[in-house]
Structures are given as C-alpha cells and as structure tokens.
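K.L.:
Sequence plus the predicted model coming up.
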There are 2 protein chains.
Amino acid sequence: MIGIFDSGLGGLTVARAIMDELPGYNLTYFGDTARTPYGAKSAATVIKYALEDTQFLISRGAQMIVMACNSASSMAMESVTRTFSVPVFEVITPAVELAASLSPHGRIGVIGTRATINSGIYEKKIREKRPDARVYAVPCPLLVPLVEEGWINKPETTMIIKKYLHPLKMRKIDTLILGCTHYPILKPIIEKKIGKQTIIIDSSTAIARAVKARLVEHPDAGEKFSRNGETYFYVSDMTKQFKKTAGMILKKSISLELADT
Amino acid sequence: MIGIFDSGLGGLTVARAIMDELPGYNLTYFGDTARTPYGAKSAATVIKYALEDTQFLISRGAQMIVMACNSASSMAMESVTRTFSVPVFEVITPAVELAASLSPHGRIGVIGTRATINSGIYEKKIREKRPDARVYAVPCPLLVPLVEEGWINKPETTMIIKKYLHPLKMRKIDTLILGCTHYPILKPIIEKKIGKQTIIIDSSTAIARAVKARLVEHPDAGEKFSRNGETYFYVSDMTKQFKKTAGMILKKSISLELADT
C-alpha cells in the first residue's frame, strides 16, 4: 500500500499523478483538513503534524510514505525518516532534479507557500545538483486559498499570479518549479503569465515518476505492493466544500472518509 | 481575568476593543494559530477546538470567556456554556442587537466566513430581534487570508471586496454586519464599496460594549475582576509572520507567548 499525506486536499494532485503512473497500485491518502493549512505554520508544529499523519497511514497499512505536502517535505523529512522505518518520499527532490537537468541556463524560479520558501530548501537542493544555478524563490501565500475557493478562472486570481510572478519574470528565469501541490491547478494561468519559453516543473508529476522508478528499480520491493486497485481517501475533518474540492482536483467522484484519528 | 480566544489573530480586534472599553482589566488572549483557520472547518471540529481553547484560558485563570471567533460563536456556544460554569460571551448577539436597533428599514447584510454564514445563525438571531427584517448573508472566505497577508491596500483586495459586496448592494441593504473579527481591518474599503449610507456594525466594538455592560450591571461580578492592567497573549504556534500580524492588528508591540498546550 502506498501512503500519501498532505496538509489538506492539494496533495490529491500527487495522488492523481501516482495513480496515472502506477495504475492498479493500492493507495491510501490522508488529508489533514482539520489543521490545514501547514504553509504558514512553524517547523515545530509542521514536524509534529507530519509524524502524526505518517503514523496514521502506517496504521492503515502503508508500506511507503509520500509526503505530498511541500511544507512538510521541506521541514519534516529528517524527523519522519528518523522515526519510521518505511521508505519516505518527499516532493522536493524529484522536482529539483528535473529542474536542474532541464534548465537551459540555470536560471530557476521557485514558487511555494511562505513556510516552504522560508525554509530555503529549494535553493539548497538546486545548488547541490547544479552549483552554477541562480535560484529565485518567491512565496505565493494567497494561491492556496484561491484554489481552495475554486477561484481558478477569476480575473483577481490572474492579477495576483501576475503580481507574484513579476520579480521572476524580471530575473528572466528559464525554468519555474511549482513548489506547492495546489499550483498545478493554476498551471494554465501561470504558464501564460510567466511566458511560454519558461519550462514549468510540476512537482506532482516529478514525485510520481520517482515513486514509479523506485518500484521498478527495486522489483523485490515493488512486488510486495498489492495491485488490487484499492484506493482510500481519508480526511481529518469533513465538510461539503472539502468533498467538492476533492472532486475538482481528482476530476472524479471519490468516497472521502472521515479518519478516526 | 477576562479570557478571550480566537482561531488565530483576528480576535485581537476584539481584545483591542475590550482594552479600550475596559482599561486596566486583566486579560488573557489565546489564538489557536496551530490549527487556524476555523472558518472552513466542520461544526464537530470547531466545537472540539472551542472546548480546548476555553479549557486553556480557564487553566490560566479566566473567570469569563469571550469567544472572539465568529465561527466558534456560531457553532460552539451551546457546548461551551454546557461544559463550563464561567460566563461565556459570543460575538454574534451583541452585533445582531446593534444592527436590529439601528437598521432604518430592516434590510440587513451579513458578511463572514463560510462556516459562519452556512450556520445561518445571523439570520436566526436577527429575525428573533426584528421579525420584519430581511437578511442577506454572503460568505467572503478570501478576506481572512488577504488580511493575514497584510494585503490591505492592494487593488486585488478592493476588487475582491467589490465582488463579494455586489449582491448586497443590489439588495439595497441599509446595515451591514462585519461577521468576522478580521474584517474591521478592511472597514475603510468595505465602507467605500458598500456606500456611505450603509450603517456598518463592527462586531468587535459591539462585544466589547456587551462585556462592559455585564461588568457594570453586575458590579458584584465585576468587582471580582482584577484590574492590574495585566495582559497575556498566547498562541498555539509561533512564527515571525504571526508576531508581525499581531502587531499590525493591535497597533502596538506585544509579548506573544507560545502556549504550553
């Protein structure tokens, strides 16, 4: 069973990408909607929540953990891998590797929540892979609420995206990492505003490929994973809006269950 | 000791109003920044959090509880009064009483979070006070993140406020209740967009007057409250941004402490 968690529902973009890359694999998703969002909270709090989320997934049979949350990935990776023995994936490294290899001139932009950007993890990881790179990171804290409200095609959203991307456009970035699982939903507008010449790295696709590579490279590990096509979607709090948003992100109707945490 | 809690920092507008109305009274504030916001969460979750927040304040010596959070006020009042013996104030009734008495033609608008508006509590309470009233309630879920980001004077914020208020303007409301503790920060823009002829009810001022009235009407109760001017501000999660936002709302520098919850 592949276990995926996120601060809320944005991580469903990762679940969707993993289901596309690894059809049939059993998968359990946990969205911490009772405490969402993580993106503006402290490292201590995000680490505590990430440990609890992982524990829940393991109690449900997860043999591998995918942290679909950039804020958790940037702050809690060490604590989670130290505490649990199952393989743990975070969403940052695969996106960084893709960006470092694809960027023509090493001018790489990153957008994310305030917590993710303030952690400095993208700069650090990009420089490890590509020391010549220039990294420009911009926090875009309003994009998560805009997506959660379904304000995808509103002119205000376009204006706010344009404002956030302006400094990156000025820096003439050639590659842009979408460093938050909510942002793929806004990709068409981001693409339009940053310009077609910029390569856009969608971290949900990158992580899904990394998980697939792991299962293919380590067939012994891979074989242990059941492929009955069972999928479970849990949340720590349930509302009508959460159901609606989940359907919008996954582009299909799912059975969202309240987790007994 | 007067105890005040909110889902986060918006309730500091209530703390400020109470400090203005009752200078010198000892006061403890608790902002649940680790689980903020409450406004999009379910009644079950908000009730659980409100009980825990109240318990924390009582453990710190609170003899009276002010729920400075509209979402908690609309969903958790019954549970909190049933569970604890101290007097409990919610922010909705004082604002409703003021609106019902001041509205010239009973055309009353209410804006708030999705949780507050969906609860229907404003309509219910307004009709109890003024059965002839027509109530128009509109959820404005993006205003809290905009305030928390400090996007007070940005054109996008003005556009979003105009869009939210449009249906209320069409209904020709004569009175508008700001049904969220964050909204007083946006009052100048709201005032401009809804029109000067509309009476604006700021729930933080209304609740502060209700608390004062209680202490003055019941001097026996009032006398038990210490007036050493001691104020304590606790949060369940601490970041630089929280400190900055707290200073912006209170318009002065305070010592924000991490609660040992």
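P.N.:
That came through fine. All figures in this text were calculated on a predicted structure; none of them were measured in a lab. Numbering: from 1, shown residues only, chains lettered A, B, ... in the order given.
K.L.:
what's downstream of the helix or strand of chain A with the lowest mean pLDDT, the next helix or strand?
P.N.:
When the helices and strands of chain A are scored by mean pLDDT, DSSP states H and E, helix A:219-223 comes last with a mean of 62. Next in sequence after helix A:219-223, counting helices and strands by DSSP states H and E, comes strand A:231-235.
K.L.:
list the helices and strands that following strand packs on?
P.N.:
helix A:12-21, strand A:27-31, strand A:256-258 (3 or more C-beta pairs under 8 Å, 6 or more residues apart in numbering or on different chains; DSSP states H and E). The way it works is simple: take the backbone N, C-alpha and C, and place the C-beta from them, glycine included.
K.L.:
which one of the ones you listed is the most hemmed in?
P.N.:
strand A:27-31 (a mean of 25; mean count of other C-beta atoms under 10 Å in any protein chain shown).
K.L.:
State the mean pLDDT of that one.
P.N.:
In this model, strand A:27-31 carries a mean pLDDT of 97.
K.L.:
Same check on stretch A:168-176?
P.N.:
Stretch A:168-176 comes out at a mean pLDDT of 97.
K.L.:
Under a three-state scheme, what state does the closest residue to A:S7 other than its chain neighbours occupy?
P.N.:
Excluding the flanking residues, the one nearest A:S7 by C-beta to C-beta, 6 or more residues apart in numbering or on different chains is A:Y38, at 3.8 Å. What DSSP: H, G, I helix; E, B strand; the rest coil gives for A:Y38 is coil.
K.L.:
Local confidence estimate at A:Y38?
P.N.:
A:Y38 carries a pLDDT value of 91.
K.L.:
who are the neighbours in contact with A:G229?
P.N.:
A:23-26 (C-beta atoms under 8 Å, 6 or more residues apart in numbering or on different chains).
K.L.:
Can you tell me the closest non-neighbouring residue to A:A40?
P.N.:
Closest to A:A40 by C-beta to C-beta, 6+ apart is A:R114, at 5.6 Å.
K.L.:
Number of residues surrounding that neighbour?
P.N.:
Using other C-beta atoms under 10 Å in any protein chain shown, A:R114 has 18 other residues around it.
K.L.:
what's the answer for A:F225, then?
P.N.:
16.
K.L.:
Return the distance of the residue lying closest to A:T198 once chain neighbours are set aside relative to chain B.
P.N.:
Among residues not flanking A:T198 along the chain, A:L176 sits closest, at 5.3 Å (C-beta to C-beta, 6+ apart). From A:L176 across to chain B, the span is 21 Å (C-beta to the nearest C-beta, to the nearest Å).
K.L.:
is A:L176 in a bridge, and if so with what?
P.N.:
Counting by DSSP bridges, A:L176 is bridged to A:G109, A:I200.
K.L.:
thinking it is in contact with A:Q197, fair?
P.N.:
No: using C-beta atoms under 8 Å as the test, A:L176 is too far from A:Q197 to be in contact (10.8 Å).
K.L.:
Could you check which of the two has the larger neighbour count?
P.N.:
Between A:L176 and A:Q197, counted using other C-beta under 10 Å, the more crowded position is A:L176 (28 against 9).
K.L.:
number of nearby residues for the spatially closest residue to A:G112 that is not a sequence neighbour?
P.N.:
The shortest distance from A:G112 to any residue other than its chain neighbours is 3.4 Å, reached at A:G179 (C-beta to C-beta, 6+ apart). A:G179: 30 surrounding residues under other C-beta under 10 Å.
K.L.:
distance of A:G179 from B:L143?
P.N.:
Look at A:G179 and B:L143: by C-beta to C-beta, to the nearest Å, they are 26 Å apart.
K.L.:
Assign the residue in the stretch 151-261 of chain A that chain B sits nearest to to helix, strand or coil.
P.N.:
Here the residue of the stretch 151-261 of chain A nearest chain B is A:D237; by C-beta to the nearest C-beta that distance is 4.5 Å. Under three-state DSSP, A:D237 falls in the coil class.
K.L.:
Neighbours of the closest residue to it other than its chain neighbours, how many?
P.N.:
Leaving aside its sequence neighbours, A:D237 sits nearest to A:A34 (C-beta to C-beta, 6+ apart; 3.7 Å). By other C-beta under 10 Å, the residues close to A:A34 number 21.
K.L.:
A:A34 looks like it's in a strand, true?
P.N.:
No: if the criterion is three-state DSSP, then A:A34 is coil and not within a strand.
K.L.:
how close does it sit to B:G31?
P.N.:
Distance of A:A34 to B:G31, given as C-beta to C-beta: 17 Å.
K.L.:
now swap in A:A72 and tell me
P.N.:
Look at A:A72 and B:G31: by C-beta to C-beta, they are 23 Å apart.
K.L.:
Over to A:L22?
P.N.:
To B:G31, A:L22 is 42 Å away according to C-beta to C-beta.
K.L.:
near chain B, which residues of chain A show up?
P.N.:
A:33-35, A:40-42, A:44-45, A:114, A:141-142, A:145-146, A:148-149, A:151, A:155-156, A:159-160, A:163, A:236-239, A:241 (C-beta under 8 Å from any C-beta of the partner chain).
K.L.:
Now with 6 Å, please.
P.N.:
Contact residues (C-beta under 6 Å from any C-beta of the partner chain) of chain A with chain B: A:34-35, A:41-42, A:45, A:141-142, A:145, A:149, A:156, A:159-160, A:237-239.
K.L.:
who are the neighbours in contact with whatever residue of the stretch 51-200 of chain A ends up closest to chain B?
P.N.:
Nearest residue of the stretch 51-200 of chain A to chain B (C-beta to the nearest C-beta) works out as A:P145 at 4.2 Å. Residues in contact with A:P145 (C-beta atoms under 6 Å, 6 or more residues apart in numbering or on different chains) are B:142, B:145.
K.L.:
What strand or helix carries it?
P.N.:
helix A:143-148.
K.L.:
Give me the below-cutoff pLDDT ranges for chain A.
P.N.:
A:219-223 (pLDDT under 70).
K.L.:
Which parts of it are helices?
P.N.:
Using DSSP state H, the helices of chain A run over residues A:12-21, A:43-59, A:70-83, A:92-102, A:114-119, A:121-129, A:143-148, A:155-170, A:187-194, A:203-217, A:219-223, A:240-250.
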